[in-house]
Structure formats: structure tokens, C-alpha cells
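In: model the following, please.
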Amino acid sequence: MKNILLVVSLLFTTIDISIAGTTNSPEIDSLIRIKDTISDTCEKASKYMEIAQRAFISDPQGSLDFIDKGLTLAENSSCEESTANLYVNKSIILNHLGRREASIEVINKAISIYESTGEHPLNLGKAFLSKGNTHLNQDQISAALDCYLQSLSAVSALDEEGQVKKFKSSLYGNMGGVYSKMKQFDSALYYINKSVELDPIENEPIRFIDHHFNLSTIYKVQDSFDLALHHLNKSDSLNQTIKSPLHQIKINLNRAYIYSYLAKHEDALDLIQTTQPLIGNSPNYKDAYNMFMITSSKVYYKANKYQKCINISLEFLESIDIEKSAGRSVNVMLDLYLSYKALGDYKKSLKYHEEYKRLLDIVTGENTQNEINRLKQQFESEKKKKEIILLKEKDKISQLEIKRKDDELKIRTYFISVLTLIILLLVIISLFIYRQIKLKQQKKAIELEHKALRSQMNPHFIFNSLNSIQRMYVEGSTDEANEFLSEFSGLIRSILENSNHSKIALNEEINTLRAYLELEKLRTKDKFDFTIHVDDSIDSYNYQVPPLVLQPFVENAIWHGVLPGSKKGDIAINLSKDGDRIHVEVIDNGIGFSSESNREHESQGIKITEKRIGSKVNIQSSSEGTKIDFTI
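Out: Down below sits the predicted model:
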């Protein structure tokens, strides 16, 4: 059974605290000497903050002393911006030292100053981020997320450049950690990846340590242990550059947790033993101790060392306020319940199960009375177990009844198995038949497509075009022949390219049709004019149609409509929107044909086209001309 709540990374903020490397005394001494030369009080107060930032990694308490000196100067001189910035940094240090309530009190002062001036949205965003981190360390998840969202709102209008880009990257990382605690893993992965995408340069080890640690926590809960270990290894490698005890503790404990679920109990216990000495070196002893005790309890339980698990769990519960730390206590209560159950001490097991469910109600708000009743019934069942065994031994009739029922069950099981096999066989056969039908349909569709493509461009047109080119060269009309040849080759190339696709963009179809019409017009020495009108509501670049779907109708209009007549021909192609389809009209002023001869004039290309477009082609013809319309 998994932990109910996640042990998520103590997400570090980027409120201008430098953590690029381990600071040294000569650097701090140099900053102090520079501070002593500054006459402006506000500037001197800010220099104290810079010194505190440099001292933070190696000496958090000493860093707090520098902040207080700077605050004394800033407050006495009414330096609002410096005062607010110092409050933010003080809040971060207090949070790191485990003084949560004091951290919240101080950060609220900073927020009040920033909001009253309205001049520093980035600093206001940093203040809300720091406050959210403090809430997160108190397991106040909703309050932490609310602060992060206020932080994001404060900086939303700022361009993602320089410090803003760096800050948003850290903020997204923290939001990912919160969503991970809330078990909203898609949102967690989104924000963590967004953080890395926004500022992918690994020049701040702690931030990327936290990124990889949070990713490992998410994958751990999803049972993706290989990915979890992969990100833990990255986090561990980066931590070697700053050697943060708290991060090393978290990395070791998470790895031990994973080893336990992979049944690598010796490796898990070795990590517990290795991590224990680090607890005393952590600047935030309380958090480190809590994480160590919770994970150790789980590791010892998984290794079947139930008494050791019980000892650690009881020691942890004595060190905390159970009611105020229900989120952490609930997992330890679960370990106690399972350990006593494994040792056969059902009385204590029931006691801690009830405590576990009570705390779980506080955390999740769920009613657990059914589970408690089930556990009580289980104990009653254990008491009656021997009586049932004796009863079975004495009652021969019951034994025979049980045997009869067993035989019936075997028969029923055999019948169900055979029936299942028959159904499975029928499904396989049906799938095979369905596949054969689909293959035949596909083959028929391909044959129809090839047949359509062969009939779409009249071979007479190609031969006549070549003859026309030859005639032009013979007559000495070289320029005209070259122009005709260029148009002809372009059209043929377009047709060949489009024939490789079952559908093309409407715009390409219109361009090919226009090229065909221009070529026919040139070849017939301007015996007709044409227009192509596409309604503005049609997106011709994205609407897909079968290739050369309009050409057979236009060809009929030219050769059976306008060319046999004595007057100059006029052909109009109109495309308009008809619901989710396109309505096509091909209109000519040619000689037309009688209704009795409709079937004689209906070309094979038109029949095939009807199958391709899935609609009827309507033909209206008279001595004044012919109109053909259909929808695609």
C-alpha cells in the first residue's frame, strides 16, 4: 500500500539569494569593507542584504543577523523598497530554519509594502512565492497554491526576459511540486517541464535538483520506478556541487523508499543507516527528522522488520502534535496498523487502524466506518475459525454437500471455459471475415480510383495537343509552340503529381483546371472564354477534394457544348458553400442536347465521378446551353 501523501521536495525560491556556489569568508569580508564605505543609508541597508545572501548557505543564522542589521537601518530611514526586500529575504531564512509562523508574519509585511507602492510587481511576485513556500512546508497545500497563483498574477504582464524569465521558471517549478502533492500529476509534469523549457541552463543547481527530485516523486507514485531512479540520480549528481545536507537526506530517503518497493531491502536499509548521521547536520533539523522517521518506518515495514517499524513510528508520534500534523501522522499510523497486524496483535492493530482512519478523515474528509466494521468482522471471524473447523469435521452431511457443490462448480467452470473458447473463436473468425471484406472494399476503391484517373483526361486531348505543337513548329510559329508546350508540360506534371493522392487541396484542383482551360483555349484559338468563381466563405487551401474531379465536366462543356456551335463559347464554373459540402456548377452556352439523348451523352467519366463524390450529378440542357451541378 502506498503512502497517502507525498514527501515532496522543499522547493527553494529565487528571491535573489545567491546559491551558485559555496561562499567563503574573504568574499564576505570584502563586501563588509565595501559596506563601510557607503554613506547612503538605504544603499548600505541593501548591502547588508547582499552580505546575508552570500552567507546563507554556509551560515543561515549568521545570515539572519546581517538581515536584522540591514532592517534596522532601512526602517529608521524610511527606505521602503530596501525594507520590503529585507523582509522577503528574512522570511526565506526563517522558513529554512523551520520558524514558519515568524516567516509568514514577516513576509506579510513585505507584501503590504509592495502592494501599497504598486511599483515593484516582480518583487511582489517573489514575496508571494516565498509565502507559498512557507505554507507548503506546513503541509498547507491549498494556501501554498493560492500564493503561487497570486505570484503568477503579479508578474503576468511582465516580459519573460532576464530576471523575470528566471523567476517564472522557478515559480512554475514550485507549482509543479504543489500539483504533485495534490496528486494532479498531469498538471505537475506540465509546470515542471514548462519551468525547464523557460530556463533550461543548469546554472542554479538547487533549482534543478528540485526539478529532478519532483519528477522522481511523481514517477514514484505512478510506479514508474526506473524513471524515478533516473531523476533521483540526476538530482544527486547536481547536489554534489553544493553538498546540501537537506537535499541529500531527501534524495537518500526517496531512493530507499523505491528500493523497498522493488524488494531491495538490504540496499534500502543501508541508505537509512547512511542517512541517519546527516540529520544532525541539516540546518532544518525538524523537517529532516520528520522525513527520516516517516520513510524509515515504511522501509522497516517493507523489510518485514515490524518491531523496528513500530519503535520508530511510536518515537515519531511522540515528537509531534498528531492533530496538527495529520498529513504526516496518517502514514505512520498505517505502518503501525500493518506491523501489529503482521505480528498478530490484533487488538493494537485495530487501535491504530482506527487512528489511521480518523486521521485520514481529517486529511481527505472521507467516511471510513465501513472499513472499521470490516476489520471488526475479521476479528470475529478469527475467533470462530476453530469452531468452524470442528463443525466441518463432525458434520458429514455438510462435507458431502460441499463436495457436491465443488463438483457442480467444476462442471460450471468447464462449461464456461468451453463457451468462452467458442465465443473467442467466433470473434476471431468474424474479425478475419471483416478484414477480408475491408480488403476487398479497399481493392475495389483502388481500382475505381485508377479507373477514374484513366478516364479523367481524354487521350484525344493529349494526342491533339501534341499534333498542335508539331503543326505550330512546322508553320514556323515557334514562340506560340513554345508557349503551348510550356503550358502543356505544366498541366501534365500537375496531373501526374495529383494522381498520387486520393485528395488534394481545392486550390490545387482549381489551378489545374485553370491550366487545362487555358491550354484548350490556346489550342482552339480563343473559341471560348471561361470564368471560375469561388465563394469567399470557402477555404480553398484547406478543403480537400478528389483530384481532377471537375475536369470531365469542363471537357464535355468544351467539346460537346461550345465548340460545335457557331457562336463564341462561354463557360462558367461556380463554387459555393452548401452546409459542410461544396456546390459546383458548370454552365456553358453551347448547343445542348435533347433529354432523350441524355443517357447517350452521359460519359463514363461522369458515372465514375458520381461514385467518387458520393452524390448525384444533375444535368439540365437546352438549345441555349447546358448546366451541370453537384456537391462535393
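
In: who touches stretch 516-532?
Out: Defining contact as Cβ atoms under 8 Å, 6 or more residues apart in numbering, one finds that stretch 516-532 is touched by 461, 464-465, 468, 483-484, 487-488, 491, 510, 513-514, 551, 554, 558, 562-563, 568-573, 575. Where C-beta positions appear, they are placed from N, C-alpha and C, glycine not excepted.

In: just the residues you listed: which are in helices?
Out: Those of the contacts of stretch 516-532 mapping onto helices are 461, 464-465, 468, 483-484, 487-488, 491, 510, 513-514, 551, 554, per DSSP state H.

In: on that earlier part again, narrow the contacts of stretch 516-532 to just the buried residues.
Out: Listed as buried from the contacts of stretch 516-532 are 461, 465, 468, 484, 487-488, 491, 510, 513, 551, 554, 558, 562-563, 569-573, 575; burial here means 16 or more other Cβ atoms under 10 Å.

In: just the pLDDT for Leu149.
Out: The model reports Leu149 with a pLDDT of 90.

In: so which strand or helix has it?
Out: Using DSSP states H and E, Leu149 maps to helix 141-155.

In: tell me the helix or strand right after that helix.
Out: helix 162-181.

In: and that next one, what does it pack against?
Out: Judged by 3 or more Cβ pairs under 8 Å, 6 or more residues apart in numbering; DSSP states H and E, helix 162-181 is in contact with helix 121-137, helix 141-155, helix 185-198, helix 205-221.

In: least confident pick among the ones in helices among the contacts of stretch 516-532?
Out: Phe461 (62).

In: now the residue lying farthest from the centre of the chain: how far from Met49?
Out: Computed with Cα atoms, centre = their mean, the residue of the chain farthest from its C-alpha average is Glu475, at 69.6 Å. Relative to Met49, Glu475 is positioned 94 Å away (Cβ to Cβ, to the nearest Å).

In: compute the inter-axis angle for the helix holding Leu149 and helix 162-181.
Out: Interaxial angle, helix 141-155 versus helix 162-181 (axes from the mean of the first three to the mean of the last three Cα atoms, to 10 degrees): 160 degrees.

In: ok, residues contacting helix 141-155?
Out: Helix 141-155 has contacts (Cβ under 8 Å, 6+ apart) with 121-122, 124-129, 131-133, 135-136, 164, 167-168, 171, 174-175, 178-179, 181-182.

In: relative to the host helix or strand of His533, what are the paired strands and their orientations?
Out: Taking DSSP H and E as the criterion, His533 maps to strand 528-534. In the sheet, strand 528-534 lines up against strand 569-578 (parallel) (DSSP bridges).

In: tell me the mean pLDDT for the partner strand?
Out: Regarding strand 569-578, the rounded mean pLDDT is 93.

In: helix or strand right after that strand?
Out: strand 581-588.

In: note down every partner strand of that next one and its orientation.
Out: strand 569-578 (antiparallel), strand 625-631 (antiparallel).

In: could you tell me the end-to-end distance of stretch 95-102?
Out: In stretch 95-102, first residue to last residue: 8 Å (Cα to Cα, to the nearest Å).

In: residues in contact with that stretch?
Out: 56, 60-61, 64, 94, 103, 130, 133-134, 137-138, 283-287.

In: ok, 6 Å please
Out: Identification of contacts with stretch 95-102 by Cβ atoms under 6 Å, 6 or more residues apart in numbering yields 60, 94, 103, 134, 138, 284, 286.

In: and the average pLDDT for it is what?
Out: 84.

In: list the buried residues of it.
Out: The neighbour-count check on stretch 95-102 (16+ other Cβ under 10 Å) flags 95-100 as buried.

In: which of those residues fall within helices?
Out: 95-96, 100.

In: which stretch of helix or strand covers Ser621?
Out: Going by DSSP H and E, Ser621 is in strand 618-622.

In: grab the CA positions of that strand and hand them over as PDB.
Out: Extracted in PDB, the C-alpha atoms of strand 618-622 (Å, rounded to 0.1, in the frame of the first residue of the first chain):
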ATOM      1  CA  ASN A 618     -27.700  16.800 -62.200                       C
ATOM      2  CA  ILE A 619     -27.800  17.800 -66.000                       C
ATOM      3  CA  GLN A 620     -30.100  20.500 -67.400                       C
ATOM      4  CA  SER A 621     -29.700  21.000 -71.200                       C
ATOM      5  CA  SER A 622     -31.400  23.000 -73.900                       C
END
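
In: strand partners (parallel or antiparallel) of it?
Out: strand 625-631 (antiparallel).

In: show me how far the partner strand is from its chain's centre.
Out: Relative to the chain's own centre, strand 625-631 is displaced by 50 Å; criterion: Cα atoms, centre = their mean, to the nearest Å.

In: next: stretch 111-119.
Out: 36 Å.

In: kindly report the same for stretch 161-174.
Out: So, by Cα atoms, centre = their mean, the centroid of stretch 161-174 is 20 Å from its chain's centroid.

In: neighbours around Thr626, how many?
Out: When neighbours are defined as other Cβ atoms under 10 Å, Thr626 has 24 of them.

In: picking up where we left off before, in the strand holding His533, what counts as buried?
Out: 528, 530, 532, 534.

In: apart from its chain neighbours, what residue comes closest to the last one?
Out: The one in question is Val534. Distance criterion Cβ to Cβ, 6 or more residues apart in numbering; nearest residue to Val534, sequence neighbours excluded, is Leu575 at 4.8 Å.

In: bridged to the one you found, which residues?
Out: For Leu575, the beta-bridge partners are Val534, Val584 (DSSP bridges).

In: make sure Ile428 is indeed in a helix.
Out: Yes: the assignment for Ile428 by DSSP: H, G, I helix; E, B strand; the rest coil puts it in a helix.

In: confidence-wise, which of the contacts of stretch 95-102 comes last?
Out: Across the contacts of stretch 95-102, the smallest pLDDT goes to Asn284, namely 73.

In: contacting residues for that one?
Out: Listed by Cβ under 6 Å, 6+ apart, the contact set of Asn284 reads 96, 98, 246.

In: and it, how far is that from Leu232?
Out: For Asn284, the distance to Leu232 - Cβ to Cβ - is 20 Å.

In: what do you get for Ile587?
Out: Distance from Ile587 to Leu232, by Cβ to Cβ: 73 Å.

In: please say which of those two ends up with more neighbours.
Out: The neighbour comparison of Ile587 against Leu232 (other Cβ under 10 Å) goes to Leu232, with 23 against 19.

In: what residue ranges in the protein score low on pLDDT?
Out: Scanning the chain with the threshold set as pLDDT under 70 gives 1-31, 33, 35-36, 200-204, 364-395, 442-461, 463-464, 471, 499, 593-606.

In: okay, buried residues for stretch 110-117 please.
Out: 110-111, 113-114.

In: likewise stretch 538-549?
Out: Within stretch 538-549, the residues scored as buried using 16+ other Cβ under 10 Å are 540, 543, 545-549.

In: now those residues as CSV including distance to Lys403 and secondary structure?
Out: Output for those, formatted as CSV (distance: Cβ to Cβ, whole Å; DSSP: H, G, I helix; E, B strand; the rest coil):
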residue, distance to Lys403, secondary structure
Ser540, 79, coil
Tyr543, 73, coil
Val545, 73, strand
Pro546, 71, coil
Pro547, 75, coil
Leu548, 78, coil
Val549, 75, coil
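
In: ok, so of the residues you listed, who is nearest Asp361?
Out: Comparing the buried residues of stretch 538-549 against Asp361 with Cβ to Cβ places Tyr543 closest, at 58.6 Å.

In: check contacts around that closest one.
Out: By Cβ under 6 Å, 6+ apart, the contact set of Tyr543 is Leu506.

In: and it, backbone torsions?
Out: Dihedral pair for Tyr543: phi -80, psi 130, per degrees, to the nearest 10.

In: what separation do you get for Cys309 and Ser260?
Out: Using Cβ to Cβ, we find Cys309 at a distance of 11 Å from Ser260.
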